[in-house]
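Here is my input, please return the structure:
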Amino acid sequence: MTTPESNPLPDGHHRRRIRCSPATALRRIDGMAEAWGADWEPLEEGGRLVLPVLAGIRRGWVAGAVSLQPRGHDTEVELRVDDSRYRLHTASVVVLLISALGGLAVMVWPFFGERALPLAALGAILALCGWFMVVSKVRTQSPEHFLEMLDEETEEAPD
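Residues are numbered from 1 along each chain as shown. Below is the predicted model of the structure:
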């Protein structure tokens, strides 16, 4: 027999059990939504959340219904995503393309001899710039992270 926590969730469903009452969970979701820059519309037993998200070089938002179910002394928070929009961060794509050209220059310079060595040095600099400007700064900010932070905030400040 499986427990509710071990059942796989359908795509777009995020669930987390937190240690507080549903009323406290609503207040904490309201505070977290404000900190994340999200739109939160509380309803009687949950609400509607529009959450900004990051997925590598894609940015966007997800929207869905939040439901709260009391489970003993805990509350189960579930976010059912019903709409999402993502777009590529164009500046990052351009920088990555330029750095890929630099990497290509580094790879092909031996075929052209020493006269292409300055081009290889420039290519190495461009490739490293792509790394430092884009790849090293890639972050992820998802609904799962939102619920995880809500759980951590609840552990730090119980009812």
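
So which bits of stretch 71-85 are buried?
Asp74, Thr75, Glu76, Val77, Glu78, Leu79, Arg80, Val81, Ser84 (16 or more other Cβ atoms under 10 Å). Heads up, the C-betas are built off the backbone N, CA and C, glycines and all.

ugh, wrong one, stretch 101-112
Neighbour counts using 16+ other Cβ under 10 Å place Gly102, Gly103, Ala105, Val106, Trp109 of stretch 101-112 among the buried residues.

Could you single out the nearest of those to Glu144?
Gly103 (33.0 Å; Cβ to Cβ).

Which parts of the protein are helices?
For the chain, the helices defined by DSSP state H cover 22-36, 90-108, 117-133, 143-156.

and the nearest residue to Val108 once chain neighbours are set aside, what is it in contact with?
Distances taken as Cβ to Cβ, 6 or more residues apart in numbering place Ala116 nearest to Val108, at 7.7 Å, with adjacent residues excluded. Contacts here follow Cβ atoms under 8 Å, 6 or more residues apart in numbering; on that basis Ala116 touches Ala105, Val108, Trp109.

The last one: what's it in contact with?
Spelled out, it's Trp109. Trp109 touches Ala116, Leu117, Leu119, Ala120, Gly123, counting by Cβ under 8 Å, 6+ apart.

What's the ChimeraX syntax to select whichever of those are buried?
Here the buried members of the contacts of Trp109 are turned into a ChimeraX selection, burial being counted by 16+ other Cβ under 10 Å:
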select :120,123
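
Closest to Ser92 out of the contacts of Trp109?
Gly123 (19.5 Å).

Quick check: the closest one vs Gly72, distance?
Remark: distance between Gly123 and Gly72 (Cβ to Cβ, to the nearest Å) = 61 Å.

Trp131 too?
49 Å.

Could you break this protein into its assigned domains?
13-88+139-156, 90-136 (automatic domain parsing).

re the thing from before, want to throw the contacts of Ala116 into a markdown table with pLDDT and distance to Leu49?
Shown next, in a markdown table, are the contacts of Ala116 (pLDDT from 0 to 100; distance: Cβ to Cβ, whole Å):
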| residue | pLDDT | distance to Leu49 |
| --- | --- | --- |
| Ala105 | 91 | 46 |
| Val108 | 91 | 50 |
| Trp109 | 87 | 52 |
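
Put together JSON lines for those residues, with distance to Arg59 on each row.
Output for these, formatted as JSON lines (distance: Cβ to Cβ, whole Å):
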{"residue": "Ala105", "distance to Arg59": "30"}
{"residue": "Val108", "distance to Arg59": "34"}
{"residue": "Trp109", "distance to Arg59": "36"}
